Every structure is written in C-alpha cells, then in structure tokens.
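Asks: model the structure of this input:
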Amino acid sequence: MDELLHRVMTVLRGMWHRRWIGLGVAWLVAIASVTIALRMPERYEASARVYVDTQTLLRPLMEGLSIQPNVEQQVALLSRTLISRPNVEKVVRMADLDLLTTSAAARDELIDSLGKALKLGGGQTNIYTISYRDTSPEQARKVVQSLLTIFVESSLGDKRQDSRAAVRFVDDQIKQYEESLKAAENRLKEFRLKYLGVAGQGGPDYFGRLSKLGDDIADAKRELRAAEESRDAYKRELAGETPVFLPEAPSPTQSFNTPAIDARLATLRAELDNLNRRFTEAHPDVQATKKNIEILEEQRKQELASMRKAAESAKGPTATAVDRNPVFQQLRVSLADTEAQVASLRAKLASYEAQYAQLRNAARLVPQVEAEYTQLNRDYEIQKKVYEVLLARRQSATLGEGVQDFGGTQFRVIDPPRVFSDPVPPTRTMMLLMAFAAALGAGLVAAFVASQLLATFHDARSLREITKRPILGMITMLQSEALGRLRRRYGMLFAGGVAMLLGAFVIVYAMSGVLAKYAA
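Replies: Predicted coordinates for the structure are as follows:
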C-alpha cells in the first residue's frame, strides 16, 4: 500500500511540475471542441406509428372460397423494401427537398443521405414506426408524412395491382384453353364420324360385339334350320291330305276371311310396335319383322283371291267345292306361317352375316383406331380438367379481389407525424459538457505524458529506483521569500487559467441557451 501511494504521489508531483503544458493543451482542445460543438446543428426527430390490421372479419368468412394472399408476408416484404431509392426519390419530391439542390450530384448525395437517415422499425405486433432526424423540425415532419403516405398507398396499390394482374393472367389462360378445348372437341367429333361403328366410340367393346354377332348368327341358323324342317313337314302332310268335295255351293253374299293369318299379322304388328319403341328402323329385328308382315299380307291377299275364285266356280251346275276340308285349310295356313318365319329368319341371318363381315373387314383398323381414340380422349380430358380448374381459380381470384377491396388489410395511423420539442441527443449542451470533459482529460493526459517524457526527481527514493545506484547524501533546498512569492504567483496564474477555462465554458453554454431560445 505504501509503495502504491508513493508511486501515485510521484506521478502527481511530476504532472504538477508540467502543469503548464497540460493547461495549454486543455485550452487548445477546449477551443477546438467548442468550435466543433457550436458548428454542429441540433437535430430534431419526427416519428409516426401505423398499425397494419391483417385480421379482418371478412377473411375467415371467405376462407376456402377465395384466393387469399399471405398479407403478413406482403407487409413484411413491403417494410423491408420501403426505403428503396425510387421511394426515397418520391419522398424528396413530396417533401420539396429537391428545391434545396442545384445539381445532379448534390441531388444524388441528398437521396443517399436521406435513405440512410430514414428508419422503419417494429413489425412484431404489426405496428411500424417511421422516424427521421433533421435540423429543421418542419422538414423532418414533412419527410415522415411523405414516407407514411407512400407506405400506405404502395401496399394498397400493389395488392390491387397484383390481384388484377392475376385475374387478367387467368382470363388469358382460360381463353387459350377454351380454344384448345374446342379444337380437341372438333378432333374427337371428326374421329367419331370417320370411324363410326368401330371400337373406341363409347359403345361395347369391338371384339365383344364380334363375338356376340357370331353367337347371334349361330342362333339364327339354328332357328332357320328348325323353321325349314317345320315347313318341310307341313309340305309333306299337305301333299298326303285328300280334299273333300261338298255338294253345296256358297251363297253369293258369303264373306271370306283368314283368321289364322289375321291373328299372325296382329301378333307381328304388336311386336313391331314394341321394337320401334326400342330400336331404330335399321335394326335387324325391325327389318325382319317388317319383312314377315309383308309376306303374310301377300299370303292373305292370295288366300282371299283363291277363296273368291272358288266361290265363283261353285255357281256353275257342275261345279264342285274343292279344298273345303278344315284339316287341309289348316295345313295350308300353318305352311304359310312357316314360310313367313323362314323368310324372316333368312333376312335376319343375312343382316347378322353382313354386320359380321363388316366388322371382320375392319378388324385391322381396331388397334390403331383404339389407340388414336384413347390419345384424343386423354388429351381432351386433360384440357377439360385444366379448363375447369382455371374457371374455379378465376372465380376464387375475383372473390379474393373483392375481399381485398372491401375487407382487406386496414392501415390505421396510431400516432400521426409529430416532432419532439427537444432535440435528440447529442444536444448542444451535452456536446459542450463533453467538450469541457475532453479539454480537462486532454490536459491531464498531456501533463502525464510530459512528466514521463521529461522526468524529474522529487526525492532520493525515486532517484535511487531509477538509477539503481546508492545515494550517498541529500541536500535540502532552503526556500527564500522571493522564491515563495514566485511560486505563489505561478500557482495563482495556473488557477486563473483553469478558472478562465471553466468560465469560458460557462459563458459559451449560457450563450448557446440564449441563441437556442431565440431561434425557437
């Protein structure tokens, strides 16, 4: 502890010995720092706070029905890109700062400095603070107001512009896909007309139809064979039947009819009506039934004609009634029915065989036609699906645009742009105090450095520690009255220099306060 006190006292004695150097440096630093402090203008801060409301009531109501952009992300991106050069140029024009510049270089420098001075903070709770510092309070307020206007208008304008651009893009895509869809539909229609009746037309499978026609032909052949056998049997029975000759002749007013044929015709006509309700005129069953009806009608005419002829021949005295045997006539009716059935079955078989031959001739086209039809149908379905999706997206985008216009993001100005009455730190008072502290510190440092560079010894102990030599003796200096007066004069002069330095700072501080009030 004694060693430490000794060293401290040694340093203080050395600094006191070089106190004039310290005082001179303090004055020089004081003059320079005060000049700088007085030349630096005080800056005033203008700020504004705005709240971005992204949680509106309309948004959850329209969820799932409209396309809703990520508003939080848009606002965050806008806040990061707000202080860009184009926006700063707008601020310069809106705040009339461009009137203060006379050259392009000065204007560029003003834009750069303004971009660095503008501050946009906050965002965690959707509350953003815009601040700016300037030597003119009114100019600072105008800059903040201009930037706040750009912040609100840019967000609303960008959202509407993005929504309208998205709707226009979707509309263009819908028109393109609509044209493509019409072309695909035309290609599909032309293909169906070109290969009508061939596989891949939306009906049964081609080979399934071919197999079914084969089965129908086999069934028709069996039915025809059975009908022909029945017809031959009727012919044999009719050839072996002996007619009965009756003596009486029919009266002139007798009417003729064919009940068996009429019953058969009624049955076929009812069957034809049923087939017409189910099939078209080109169906084989419809054509076969019509053919049977025509055959039976022709047979009925022939029967009626024969009956009238027989009745007329019976009027003569020698005429005899032939073929009046009921069994004989029934056999003839049955034979006519079987003949009509055989003709119908032959027509039906011929129609089946023609269709079968047509399908067999077109068999080599089936793989190519089916592949082409599958590709056309696939392209059509894909374009149709994309077209329907685009229509739904356009509706959602239109609803989303309405949501943004009527219930989108709301900007609420919490604190309008205002300027604080007190200048922001460092104020001129703080700078003057800092200048005074810097002057005192510089003086002390200068005295310390001078005492170390121009070292002096104030006692034998310091001399012995520095020289590392033994001290043989020490002579004490006797202070005279003249030397004492000289030292007191130097002390008073030093104290006066320090007092003048302090007084100068007090005067400058008081004058700065008066000037600040006068400027206000």
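
Asks: any weak-confidence spans in the stretch 51-200 of the chain?
Replies: 53-81, 123-124, 154-164, 195-200 (pLDDT under 70).

Asks: how about the strands in it?
Replies: 119-122, 127-134 (DSSP state E, counting those that start in this stretch).

Asks: quick one: which of those is nearest residue 144?
Replies: strand 127-134 (5.2 Å; CB to CB). All C-beta atoms are positioned from the backbone trio N, CA, C, and that covers glycine.

Asks: quick revisit: may I see the strands of the stretch 51-200 of the chain arranged in CSV, with mean neighbour count as well?
Replies: CSV is the format used below for those (neighbours: other CB atoms under 10 Å):
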stretch, mean neighbour count
strand 119-122, 15
strand 127-134, 21
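
Asks: can you check which of those strands gets nearest to residue 490?
Replies: Residue 490 sits nearest to strand 127-134 of all the strands of the stretch 51-200 of the chain, at 48.2 Å, using CB to CB.

Asks: if we can go back for a sec, mind putting the strands of the stretch 51-200 of the chain into TSV with distance to residue 422?
Replies: Below are the strands of the stretch 51-200 of the chain laid out as TSV (distance: least, CB to CB, whole Å):
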stretch	distance to residue 422
strand 119-122	18
strand 127-134	13
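
Asks: out of those, flag the one nearest residue 23.
Replies: strand 127-134 (37.4 Å).

Asks: which strands and helices lie in contact with the closest one?
Replies: If contacts are counted by 3 or more CB pairs under 8 Å, 6 or more residues apart in numbering; DSSP states H and E, strand 127-134 sits against strand 44-53, helix 104-117, strand 119-122, helix 137-194.

Asks: wait, isn't residue 38 in contact with residue 505?
Replies: No. With contact defined as CB atoms under 8 Å, residue 38 does not reach residue 505; the gap is 11.9 Å.

Asks: in terms of neighbours, single out the busier of these two.
Replies: More neighbours surround residue 505 than the other of residue 38 and residue 505, with 19 against 16 (other CB atoms under 10 Å).

Asks: and the gap between that one and residue 493?
Replies: 19 Å (CB to CB, to the nearest Å).

Asks: A helix includes residue 42, no?
Replies: No. Counting by DSSP: H, G, I helix; E, B strand; the rest coil, residue 42 is not found in a helix; it is coil.

Asks: my guess is it meets residue 134, correct?
Replies: No. Residue 42 is beyond contact range of residue 134, at 10.4 Å (criterion: CB under 8 Å).

Asks: check for me that residue 414 belongs to a strand.
Replies: Yes. Assessed with three-state DSSP, residue 414 lies in a strand.

Asks: count the residues that sit near it.
Replies: Other residues lying near residue 414 total 11 when counted by other CB under 10 Å.

Asks: please name the nearest non-neighbouring residue to it.
Replies: Among residues not flanking residue 414 along the chain, residue 49 sits closest, at 4.3 Å (CB to CB, 6 or more residues apart in numbering).

Asks: what about the one you found, distance to residue 420?
Replies: Note on residue 49: its distance to residue 420, by CB to CB, is 14 Å.

Asks: ok, those two, which is more surrounded?
Replies: Higher neighbour count among residue 49 and residue 420: residue 49, with 18 against 12, using other CB under 10 Å.

Asks: show me what the more buried one bridges to in the sheet.
Replies: residue 129, residue 415 (DSSP bridges).

Asks: what's near enough to touch it?
Replies: By CB atoms under 8 Å, 6 or more residues apart in numbering, residue 49 lies in contact with 122, 127-130, 413-415.

Asks: now do 6 Å
Replies: The contact partners of residue 49, by CB atoms under 6 Å, 6 or more residues apart in numbering, come to 129, 414-415.

Asks: mind putting the residues you listed in TSV, distance to residue 96 included?
Replies: What follows is these, written out as TSV (distance: CB to CB, whole Å):
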residue	distance to residue 96
129	24
414	26
415	23
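
Asks: residue 473: which of those residues is nearest?
Replies: Distances from the contacts of residue 49 to residue 473 were compared by CB to CB; the smallest belongs to residue 129, at 76.6 Å.

Asks: wait, that closest one sits on residue 122?
Replies: Yes. Applying CB atoms under 6 Å as the test, residue 129 and residue 122 come out as touching, 4.9 Å apart.

Asks: could you look up the SS state of residue 478?
Replies: Residue 478 - assigned by three-state DSSP - is coil.

Asks: run a quick neighbour tally on it.
Replies: 6.

Asks: ditto for the one 3 residues further on
Replies: Residues within reach of residue 481, counting by other CB under 10 Å, total 7.

Asks: and it, how far from residue 489?
Replies: 13 Å.

Asks: ok, now residue 297?
Replies: From residue 297 over to residue 489 the distance is 164 Å, taken as CB to CB.

Asks: these two - which one has more neighbours?
Replies: Legend: neighbour count by other CB under 10 Å for residue 297 and residue 489, higher for residue 297 (14 against 10).

Asks: leaving out chain neighbours, which residue sits closest to that one?
Replies: Excluding the flanking residues, the one nearest residue 297 by CB to CB, 6+ apart is residue 265, at 6.8 Å.

Asks: which other helices and strands contact the helix or strand encompassing the one you found?
Replies: According to DSSP states H and E, residue 265 maps onto helix 259-278. Counting contacts by 3 or more CB pairs under 6 Å, 6 or more residues apart in numbering; DSSP states H and E, helix 259-278 packs against helix 284-313.

Asks: centre of the chain to the helix it packs on, how far?
Replies: Mean-position distance between helix 284-313 and its chain equals 78 Å (CA atoms, centre = their mean, to the nearest Å).

Asks: what is the mean pLDDT for the helix or strand just after it?
Replies: Counting by DSSP H and E, the next helix or strand C-terminal to helix 284-313 is helix 326-361. Confidence for helix 326-361, expressed as mean pLDDT, is 78.

Asks: list the buried residues of helix 326-361.
Replies: Neighbour counts over helix 326-361 (16 or more other CB atoms under 10 Å) mark 328-329, 331-349, 351-352, 355-356, 359 as buried.

Asks: what angle sits between the very next helix or strand once past it and helix 326-361?
Replies: Next along the chain after helix 326-361, taking DSSP H and E as the criterion, comes helix 366-407. Helix 366-407 and helix 326-361 are oriented at 70 degrees to each other (axes from the mean of the first three to the mean of the last three CA atoms, to 10 degrees).

Asks: quick check: end-to-end length of stretch 38-52?
Replies: End-to-end distance of stretch 38-52 (CA to CA, to the nearest Å): 42 Å.

Asks: any buried residues in that stretch, and which?
Replies: So for stretch 38-52, counting by 16+ other CB under 10 Å, buried means 38, 42-50, 52.

Asks: and residue 425, which of the three is it?
Replies: At residue 425 the chain is in coil, as set by three-state DSSP.

Asks: ok, residue 99 - how many residues close by?
Replies: For residue 99, the number of neighbouring residues by other CB under 10 Å comes to 9.

Asks: now residue 194
Replies: Neighbour tally, residue 194, other CB under 10 Å: 10.

Asks: check contacts around it.
Replies: Contacts of residue 194 (CB under 6 Å, 6+ apart): none.

Asks: distance check, it against residue 370.
Replies: 14 Å.

Asks: was I right to think residue 261 contacts residue 302?
Replies: No. Residue 261 lies out of contact with residue 302 (CB under 6 Å); the separation is 10.0 Å.

Asks: ok, these two, which is more surrounded?
Replies: In this view residue 261 and residue 302 are compared by other CB under 10 Å, and residue 261 has more residues nearby, 21 against 13.
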